[in-house]
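Colleague: this one's structure only:
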């Protein structure tokens, strides 16, 4: 085996290792996308439930306020004020839940963005392996340059996606 063939063989091994890492990172990004999408959907459902409960309390407050207009009753006033506090609490909790849902969406969108880099890195690394393999069978020193350019570009995309 000549020195050139040895260099190409090691290059192919390095490219394959980089491809494996890009594949793992892409899989992780895909899993994160799914997890964050589900978490966002769950948070929005939780938010919707809180809004519905708040609406029920507000309707109760309104009904008791109308009852109070007919006659001043301490028990009705106390219950109405309690419902109003609960409605305020649900509004505050809803804002927190909505912020969490939006954070999950942002994380999902970030994973989607990163996954594109990993997909492109995988493609470039696979082509680099194919070109380096072909370079083994063909004469010429310059044939190992394109695979290295593709592999370095793919590796840079992989690093950029992981950062």
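Modeller: Perfect, I can see it now. These figures come from a predicted structure and were not determined experimentally.
Colleague: dump the residue contacts of residue 162.
Modeller: 25, 114 (Cβ atoms under 8 Å, 6 or more residues apart in numbering). Every residue, glycine included, has its C-beta placed from N, CA and C.
Colleague: measure it to residue 137 for me?
Modeller: Note on residue 162: its distance to residue 137, by Cβ to Cβ, to the nearest Å, is 34 Å.
Colleague: Ok, residue 28 next?
Modeller: From residue 28 to residue 137 the distance is 36 Å (Cβ to Cβ).
Colleague: Which residue of those two possesses the greater neighbour count?
Modeller: Counted by other Cβ atoms under 10 Å, residue 28 and residue 137 do not tie: residue 28 has more neighbours, with 15 against 9.
Colleague: report the longest helix in the protein, please.
Modeller: helix 3-70 (DSSP state H).
Colleague: helices or strands up against that one?
Modeller: helix 74-137, helix 145-162 (3 or more Cβ pairs under 8 Å, 6 or more residues apart in numbering; DSSP states H and E).
Colleague: What mean pLDDT does the shortest one get?
Modeller: Taken as a whole, helix 145-162 has a mean pLDDT of 91.
Colleague: Could you pull out the buried residues of that helix?
Modeller: Residues of helix 145-162 classed as buried under the neighbour-count rule (16 or more other Cβ atoms under 10 Å) are 147-148, 150-151, 154-155, 157-158, 161.
Colleague: Ok, stretch 101-110 next?
Modeller: Under 16+ other Cβ under 10 Å, the buried positions of stretch 101-110 are 101, 104-105, 107-108.
Colleague: So which residue is dead centre in the chain?
Modeller: Centroid check for the chain by Cα atoms, centre = their mean gives residue 108 as the closest residue, at 2.2 Å.
Colleague: Distance check, the residue located most distally from the centre of the chain against residue 64.
Modeller: For the chain, the largest distance from the centre (Cα atoms, centre = their mean) belongs to residue 71, which lies 55.9 Å off. The gap separating residue 71 from residue 64 is 12 Å, by Cβ to Cβ.
Colleague: Need the helices and strands packed on helix 3-70 in JSON lines (columns: distance to residue 47).
Modeller: Rendered in JSON lines, the data for those read as follows (distance: least, Cβ to Cβ, whole Å):
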{"stretch": "helix 74-137", "distance to residue 47": "4"}
{"stretch": "helix 145-162", "distance to residue 47": "31"}
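Colleague: For residue 49, find the nearest of those helices.
Modeller: Shortest distance between residue 49 and these, using Cβ to Cβ, is found for helix 74-137: 9.1 Å.
Colleague: Could you pull up the mean pLDDT of the closest one?
Modeller: Averaged across helix 74-137, pLDDT comes to 89.
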